[in-house]
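Visitor: sequence unknown, structure follows:
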Ligand SMILES: [Zn+2]
């Protein structure tokens, strides 16, 4: 019996599904609960396929976060029992992106959910509010090997360059449709973008470190890292100070990209670079430090000085 089958037999009221394939898992779970044979012809299957099933709602973030309004709307609708299926199911995509108010609001309904309700909260890691964590049954999915994810993406018609660009951004977790669409538009533009960034003055380049478009932001980070060797110590300190005042999401993305870049440098040079041991140490400890609310500015300073050739 598959994991989905065994869970759908006697479902709990809330699951936290962790892993790159969480969305695929959720789809299978809902399908299995509504029509286990996947007949594709019954009303349940047809409505699921068309996204019109009244008892199934998929909540994704509108903008940067899942807002309090989205959760309030969900709370309202959750008061009514299912109309066609035995259960009413809510999938909340990337639960890490709940705003704090939205998370607290969701907690209320997780504390005393009506019996017909099932929540599937999807997450990339278990790094979420402990109060939410404690109210869910945790399903940790195995990470598919890179080759398997690449295969899936090629089947969706992505070229090698597009797969590579997507990987550099997702670091191996499965990408959603908007991101795949974005990568299709981005890849042909990339050389032009790189050239434009290389010509930007420092202040304009640094402004792009908070850019909404992740592809542009990532290229800006790579350009900053390329320039880092030419920065004075004062400039490095100014950059760390600037970054430390940004949104945690911006800081995390920067650190992740910098560490990824550092890891590929260490790998490319067979670990022979003088700074390699420090870099490897950093790789192992930095994400942990950020979670423990270490002094972010100090962390960034030490990361940038370690990276500066
Ligand atoms: Zn069916």
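Guide: Perfect, I can see it now. Just so you know, these numbers come straight off a predicted model, no measurement behind them.
Visitor: for the protein, where's the lowest mean pLDDT among helices and strands?
Guide: helix 276-291 (a mean of 54; mean pLDDT, DSSP states H and E).
Visitor: helices or strands up against the following helix or strand past that one?
Guide: Next helix or strand after helix 276-291 toward the C-terminus (DSSP states H and E): helix 296-307. Where contact means 3 or more Cβ pairs under 8 Å, 6 or more residues apart in numbering; DSSP states H and E, helix 296-307 is packed against helix 233-244, helix 248-268, helix 276-291. To be clear about C-beta, it is placed using only N, CA and C from the backbone, and glycine gets the same treatment.
Visitor: hmm, try it at 10 Å
Guide: Secondary-structure packing of helix 296-307 (3 or more Cβ pairs under 10 Å, 6 or more residues apart in numbering; DSSP states H and E): helix 214-227, helix 233-244, helix 248-268, helix 276-291.
Visitor: just the angle between that helix and helix 233-244, please?
Guide: With axes from the mean of the first three to the mean of the last three Cα atoms, to 10 degrees applied, the angle from helix 296-307 to helix 233-244 works out at 130 degrees.
Visitor: Next, the angle helix 214-227 makes with helix 296-307.
Guide: For helix 296-307 against helix 214-227, the angle by the same axes, to 10 degrees is 60 degrees.
Visitor: So what's the residue count around residue 247?
Guide: Number of residues near residue 247 (other Cβ atoms under 10 Å) recorded here: 10.
Visitor: Spit out the contact partners of the nearest residue to it once chain neighbours are set aside.
Guide: Counting by Cβ to Cβ, 6 or more residues apart in numbering, residue 247 lies nearest to residue 210, which is 7.6 Å off, once chain neighbours are set aside. By Cβ atoms under 10 Å, 6 or more residues apart in numbering, the residues touching residue 210 are 217, 220, 242-243, 246-247, 249-250, 253-254.
Visitor: Residues of the chain that sit close to the ion?
Guide: 35, 39, 42, 45 (Cβ under 5 Å from the ion).
Visitor: same thing but at 6 Å, please
Guide: Within reach of the ion by Cβ under 6 Å from the ion, the chain has these residues: 35, 39, 42, 44-45.
Visitor: Nearest to residue 98, out of those: which one, please.
Guide: Taking Cβ to Cβ as the measure, residue 98 lies nearest residue 44 of these, at 28.9 Å.
Visitor: tell me the contacts of whichever residue of the stretch 151-300 of the chain sits closest to the ion?
Guide: For the stretch 151-300 of the chain and the ion, the shortest gap (Cβ to the ion) falls at residue 177, measuring 24.0 Å. Listed by Cβ under 10 Å, 6+ apart, the contact partners of residue 177 are 23, 156.
Visitor: and the chain, what are its domains?
Guide: Segmentation of the chain into domains, based on automatic domain parsing, reads 3-140, 144-199, 201-309.
Visitor: burial count for the nearest residue to residue 305 once chain neighbours are set aside?
Guide: Spatial nearest neighbour of residue 305, excluding adjacent residues (Cβ to Cβ, 6+ apart): residue 236 at 6.2 Å. Per other Cβ under 10 Å, the neighbour tally for residue 236 reads 18.
Visitor: swap in residue 47?
Guide: 18.
Visitor: Over to residue 181?
Guide: When neighbours are counted by other Cβ under 10 Å, residue 181 registers 11.
Visitor: any weak-confidence spans in the stretch 151-300 of the chain?
Guide: Within the stretch 151-300 of the chain, the segments meeting pLDDT under 70 span 171-176, 266, 269-294.
Visitor: Swap in 50 and give it another go.
Guide: Applying pLDDT under 50 to the stretch 151-300 of the chain flags the ranges 273-276, 288.
Visitor: tell me the contacts of residue 86?
Guide: 11, 33-34, 55, 116, 118.
Visitor: One more: residue 95?
Guide: Applying Cβ under 10 Å, 6+ apart, the residues contacting residue 95 are 16-18, 22, 59, 66, 102-103, 106, 119-124, 128-129, 132-133, 136.
Visitor: now the one residue in the stretch 101-250 of the chain that gets nearest to the ion, what's its secondary structure?
Guide: At 18.4 Å from the ion, residue 118 is the closest residue in the stretch 101-250 of the chain, using Cβ to the ion. The three-state assignment at residue 118 reads strand, by DSSP: H, G, I helix; E, B strand; the rest coil.
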